[in-house]
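1. structure here, sequence nowhere to be found:
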C-alpha cells in the first residue's frame, strides 16, 4: 500500500514537472524582445485600503512588467473592502495569453495566513522557486518578484509559498493556484492559451 502511494505521488510530481518544462519551451520560443503596455484601473471606493495588501498587488503588477515573455499587460482592481480585493490580469506573450481574476486577502498575521492556506491546500502540490519562473501565472511568486513594495510597507521581507493543482496533465489544462506572501493570500484559477500558429518577433 505504501509503495503504491509513493508511486502515485512521484508520478503526479513528474507530470507537473513535464508540464512546467513544456510551458517553458512554449514561452521561450520567439521571445527575444518585450514591448509592454500597462493599463491599471481601480474601482472607486471611499474605503482606506490596507497598505500591505496594496503593496502586494503592486509587486505582482511589477513582476509581470519585469517578465521577459510578457508583451502586453492590463490589470484592473476591484476593492471589496480594506483587506480584500479582486484583481483581473490580461497578459499576452508572443504566442500565448493568460487571463485570470485573483482574490487577494490580507490577514491579521502571517500565522493566520498560514492557517488559512493549510486549510485549503489539500490536493495541491507545493511549487519550488525554480519551477515558478517558467509558470506564467506563478510569475508573481517567482524570483522575478522582488516584493519591494511589500518590504517598504511592512518593513520586513515576506516569506512566500506557492501551490498548484492541475486539472489535467496538459500544460494548457486549467489549474488552481494558491500563493502566500507574508500575511497576504492570493487564490485564482487560470488557463494558459497557446496560439495554434505563432509568429516570431
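-> Sure thing, it's come through. From a predicted model like this one, the values you see are computed outputs, not experimental measurements.
2. secondary structure class for the residue nearest the centre of the chain?
-> In the chain, the residue lying closest to the centroid (CA atoms, centre = their mean) is residue 138, at 3.2 Å. Of the three states, residue 138 takes helix according to DSSP: H, G, I helix; E, B strand; the rest coil.
3. distance of it from residue 82?
-> 27 Å (CB to CB, to the nearest Å). (C-beta placed from N, C-alpha, C; glycine too.)
4. next: residue 64.
-> 25 Å.
5. neighbour-wise, which of these two wins?
-> In this view residue 64 and residue 82 are compared by other CB atoms under 10 Å, and residue 64 has more residues nearby, 21 against 14.
6. please enumerate the helices of the protein.
-> 2-28, 51-66, 110-120, 129-132, 148-154 (DSSP state H).
7. related to what we said a few turns ago, show me the contacts for the nearest residue to the residue nearest to the centre of the chain once chain neighbours are set aside.
-> Closest residue in space to residue 138, ignoring its immediate chain neighbours: residue 132 at 4.3 Å, by CB to CB, 6 or more residues apart in numbering. Counting by CB atoms under 8 Å, 6 or more residues apart in numbering, residue 132 touches 138-139, 141-143, 162.
8. wait, residue 98 touches residue 74, no?
-> No: using CB atoms under 8 Å as the test, residue 98 is too far from residue 74 to be in contact (11.4 Å).
9. out of those two, which sits in the busier spot?
-> residue 98 (20 against 15).
10. that one pairs with what?
-> residue 91, residue 192 (DSSP bridges).
11. for it, give me its contacts.
-> Applying CB under 8 Å, 6+ apart, the residues near residue 98 are 89-92, 136-137, 190-193.
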